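Q: Output the structure for:
(2 chains)
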2 protein chains.
Amino acid sequence: MNATTASVGIVSPQRFGCNEPLTLQNGSVLESYELVYETYGTLNADKSNALLICHALSGHHHAAGVHDESDPKPGWWDACIGPGKAIDTDRFFVVSLNNLGGCHGSTGPRSTDPSNGRTYGPHFPNVVVKDWVKTQATLADFLGIKIFAAVVGGSLGGMQALQWAIDYPDRLRACVAIASAAKLSAQNIAFNEIARQAISSDKDFLDGHYFDANKNPDRGLGLARMIGHVTYLSDDGMGSKFGRDVKSGDFDANEAVEFQVESYLNYQGRAFTHYFDANTYLLMTKALDHFDPARESQGDLVAAFAPAQCKFLVLSFSSDWRFSAERSQEIVDALVQARKNVASAVIESEHGHDSFLLPIERYTSALQTFLNQTLSAQTGPSP
Amino acid sequence: MNATTASVGIVSPQRFGCNEPLTLQNGSVLESYELVYETYGTLNADKSNALLICHALSGHHHAAGVHDESDPKPGWWDACIGPGKAIDTDRFFVVSLNNLGGCHGSTGPRSTDPSNGRTYGPHFPNVVVKDWVKTQATLADFLGIKIFAAVVGGSLGGMQALQWAIDYPDRLRACVAIASAAKLSAQNIAFNEIARQAISSDKDFLDGHYFDANKNPDRGLGLARMIGHVTYLSDDGMGSKFGRDVKSGDFDANEAVEFQVESYLNYQGRAFTHYFDANTYLLMTKALDHFDPARESQGDLVAAFAPAQCKFLVLSFSSDWRFSAERSQEIVDALVQARKNVASAVIESEHGHDSFLLPIERYTSALQTFLNQTLSAQTGPSP
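A: So this is what the prediction gives:
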């Protein structure tokens, strides 16, 4: 099977319902919750080949394969997950979930609050990265996975992978943080705040109660997505893709001109509103802003990583200015100082932050080599 | 007088009313228009020391000094204009106007359309950089200035200075383009489009007719400003200024946390709505997007600069990612290839695009030296 076209094929989401009360970091309690997840590949007999995928801001459980034969679009990380691919489903049993607070099937703002029978909406409690990791560990318990061969994520997903290494040091053998950061910079927080303001300013947001009112803050959510989209690409990458090409209108005829890049962004913004929930967007950006594992050790990231026992792979991309190579270097420096086993690389790419989703040769090779070695070291030669 | 504290003192805006019909680039005709302007310093006998300031997106005529003794805030470029400063009012007669289509006194969307007695609002015609330069030349005629010693501008103002060199080659001796570009990149157009969408999405925008309805699209205009503000600063600069400092709330007490950078941006957004007009913002960003003097010569910037006769100074700032040093280098390269007299420098600064407004020593020295030499070369030793 060709690695570039290989697919896990048709996959079906599964559900895990947890009836144990969950106390979140902010003290709120969820009496029960559900997580939707998918798995790709086969769990081996000693359950040593499980790999957890943690998703980013706008991600979900559907990371690879298709939902049926007519499904036009594979999962969001299909470029990297499949037979023979970087995350090789011939070797790994891959678990991919929709995080708590998400809008793709797991309990979140669109779910019904059992205490009053109403949609949670804006009353869904704030969830932070530590909470996600905790619920992911509970899902692992349910699946009978004591130790993950690796926990892997890009961007906000990388933050979860790092938190795993700190909170459950004996439950993962490798942590892969791609295009991530140990904490957001002021600029990143600023972009998130602007996205939140765009959503909350929309007249149809209704203080978060839009769902029950059968409205949706389409324009605000679309704007938030447009802001994200521009900042996830690089100036050069956008230049290569769009330049100053004109979509409609004519300068010479003194007509109003719409550039291709404007048309593209408006399309992306509109499309996003069909599959994403505004309250979830607010929740996810807040989780991003608040992530800072060094906070508990007075800003000392080296101390924060002290409990970790796994191997680390830290990858970043040359043109990613939202989660720059310097931010990844801070992680690497702290891990080295904490005497952890860490490999890292800065991958040349003009695709900005979105590079982590793309099948860039040097990136996928680095990822595949690291993951396969980790597996072989623990379980002997792979089949 | 100390160069850092020297001020032009109290200044008063003046008005120039033009009753000659103006045909704009898009074919629209304004039967008459007014420009508001200020002057600093004294025009010498042979009128050879006049210097024109062209303003940027959110600028206006009030570039230096104060309007009365209790005025808490000097003009927007007071750091660079004044006795002994980079733009030395002991030597130059400085002319600073509010561009046509502006919202600080010149004819624009808030003015009354004489043809129907109503506020122009969204019906104010699109104005482009060439139009501004044309009206600035008309203002110069009115002031009796045949030749400017220099035309100076930052950002969108730099574009006007470049257009001057092309359209009126015999009417300026020097052109200074600071933190500017020969055309916007796709990323820049994208940020402008997001700002426009933020404004037009506001429920109080009313398709541009907010003024007559006694409304204002405060949230959309505020958002547009926030987007601009973040992109005019650098990641490092924001890091130095705000870091992850918390304005209110407490992580440890599980309270909602507002970061300083969020509070600052929200304040800036709100403040902007008190002094800027949304229709003008749309008009100015469109003028930015459309600027591309090479368009008339099939993309050949060298050919576009062929008519120019003046000296050029092209300055940029190391941390400016919105109008990067590479964009300035494109201008310099084209000027060199066109065999023009050009000096240039990239100034180290962590303040991003906003650097051009700040009294950065190497920047102000470079500007002052260039301008003073230009003047001495033409008019003999200055007094």
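Q: In a helix, A:Gly237, correct?
A: Yes. Looking at A:Gly237 with DSSP: H, G, I helix; E, B strand; the rest coil, it is inside a helix.
Q: which ones are touching the spatially closest residue to it that is not a sequence neighbour?
A: In space, not counting the residues next to it along the chain, A:Gly237 is nearest to A:Glu350; the distance is 4.5 Å by CB to CB, 6 or more residues apart in numbering or on different chains. (Each C-beta comes from the backbone N, C-alpha and C, glycine too.) A:Glu350 sits next to A:Ser234, A:Asp236, A:Gly237, A:Ser240, A:Ser318, A:Ser319 when contact means CB atoms under 8 Å, 6 or more residues apart in numbering or on different chains.
Q: need the helices for the stretch 151-300 of chain A, in chain order.
A: Across the stretch 151-300 of chain A, reading from the start of the chain, the helices by DSSP state H, counting those that start in this stretch fall at A:156-167, A:186-201, A:218-232, A:235-241, A:260-272, A:278-290.
Q: can you redo these as CSV with mean pLDDT?
A: Converted to CSV, the helices of the stretch 151-300 of chain A look like this (pLDDT from 0 to 100):
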stretch, mean pLDDT
helix A:156-167, 98
helix A:186-201, 96
helix A:218-232, 95
helix A:235-241, 93
helix A:260-272, 94
helix A:278-290, 97
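Q: Rebuild these as JSON lines, extending it with distance to A:His60.
A: Converted to JSON lines, those look like this (distance: least, CB to CB, whole Å):
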{"stretch": "helix A:156-167", "distance to A:His60": "11"}
{"stretch": "helix A:186-201", "distance to A:His60": "18"}
{"stretch": "helix A:218-232", "distance to A:His60": "15"}
{"stretch": "helix A:235-241", "distance to A:His60": "24"}
{"stretch": "helix A:260-272", "distance to A:His60": "13"}
{"stretch": "helix A:278-290", "distance to A:His60": "10"}
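Q: Redo these as CSV? Include mean neighbour count.
A: Supplementary listing: the helices of the stretch 151-300 of chain A in CSV, determined by neighbours: other CB atoms under 10 Å in any protein chain shown:
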stretch, mean neighbour count
helix A:156-167, 26
helix A:186-201, 24
helix A:218-232, 26
helix A:235-241, 18
helix A:260-272, 19
helix A:278-290, 24
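Q: and the two most separated of the contacts of A:Glu350?
A: The most widely separated members of the contacts of A:Glu350, counting by CB to CB, are A:Ser240 and A:Ser318 (14.3 Å).
Q: neighbours around A:Asp245, how many?
A: Here the neighbour count serves as a burial measure; for A:Asp245 (other CB atoms under 10 Å in any protein chain shown) it reads 11.
Q: Could you pick out the residues of the stretch 101-250 of chain A near chain B for me?
A: Proximity of the stretch 101-250 of chain A to chain B, by CB under 8 Å from any CB of the partner chain, involves residues A:126, A:183-187, A:189-191, A:193-194, A:197-198, A:201-203, A:219-220, A:222-223, A:226-227, A:230, A:233-235, A:238-239, A:241-244.
Q: Check which residues of stretch A:175-185 are buried.
A: Buried residues in stretch A:175-185, counting neighbours by 16 or more other CB atoms under 10 Å in any protein chain shown, are found at A:Cys175, A:Val176, A:Ala177, A:Ile178, A:Ala179, A:Ser180, A:Ala181, A:Ala182, A:Lys183, A:Leu184, A:Ser185.
Q: so how far is chain B from the residue of chain A lying at maximal distance from its centre?
A: Note on chain A: the largest separation between a C-alpha and the mean C-alpha position, by CA atoms, centre = their mean, falls on A:Ala253 (45.6 Å). The gap separating A:Ala253 from chain B is 10 Å, by CB to the nearest CB, to the nearest Å.
Q: And A:Ile199, by the same measure?
A: 11 Å.
Q: Contacts only, for that residue.
A: Applying CB under 8 Å, 6+ apart, the residues contacting A:Ile199 are A:Phe205, A:Pro217, A:Gly220, A:Leu221, A:Leu223, A:Ala224, A:Ala278, A:Tyr281, A:Leu282.
Q: try it again with 6 Å
A: A:Phe205, A:Pro217, A:Gly220, A:Leu221, A:Ala224, A:Ala278 (CB atoms under 6 Å, 6 or more residues apart in numbering or on different chains).
Q: and if you look at A:Leu30?
A: Residues touching A:Leu30, when contacts are defined by CB under 6 Å, 6+ apart, comprise A:Leu22.
Q: How about it: which residues does it bridge to?
A: For A:Leu30, the beta-bridge assignment (DSSP bridges) gives partners A:Leu22.
Q: Over to A:Asn372: give its phi and psi.
A: Backbone torsions of A:Asn372, given as degrees, to the nearest 10, read phi -60, psi -40.
Q: A:Ala195 contacts A:Arg225, doesn't it?
A: No. Using CB atoms under 6 Å, A:Ala195 and A:Arg225 do not qualify as a contacting pair, with a distance of 8.1 Å.
Q: how about the strands of the stretch 1-150 of chain A, start to end?
A: Shown for the stretch 1-150 of chain A, the strands assigned by DSSP state E, counting those that start in this stretch span residues A:14-18, A:22-23, A:29-30, A:33-40, A:50-54, A:81-82, A:87-88, A:93-97, A:112-113, A:118-119, A:150-154.
Q: Any chance of TSV for those, columns mean pLDDT and distance to B:Ser248?
A: Putting the strands of the stretch 1-150 of chain A into TSV (pLDDT from 0 to 100; distance: least, CB to CB, whole Å) gives the following:
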stretch	mean pLDDT	distance to B:Ser248
strand A:14-18	98	34
strand A:22-23	97	25
strand A:29-30	96	25
strand A:33-40	98	30
strand A:50-54	98	30
strand A:81-82	98	42
strand A:87-88	97	42
strand A:93-97	98	34
strand A:112-113	95	27
strand A:118-119	95	29
strand A:150-154	98	31
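Q: Which one, of these, ends up nearest to A:Asp68?
A: Ranking those by proximity to A:Asp68 (CB to CB) places strand A:33-40 first, at 13.7 Å.
Q: tilt between that closest one and strand A:14-18?
A: Inter-element angle recorded for strand A:33-40 and strand A:14-18: 150 degrees (by axes from the mean of the first three to the mean of the last three CA atoms, to 10 degrees).
Q: which helices and strands does strand A:33-40 pack with?
A: Strand A:33-40 is packed against strand A:14-18, strand A:93-97, with contacts defined by 3 or more CB pairs under 6 Å, 6 or more residues apart in numbering or on different chains; DSSP states H and E.
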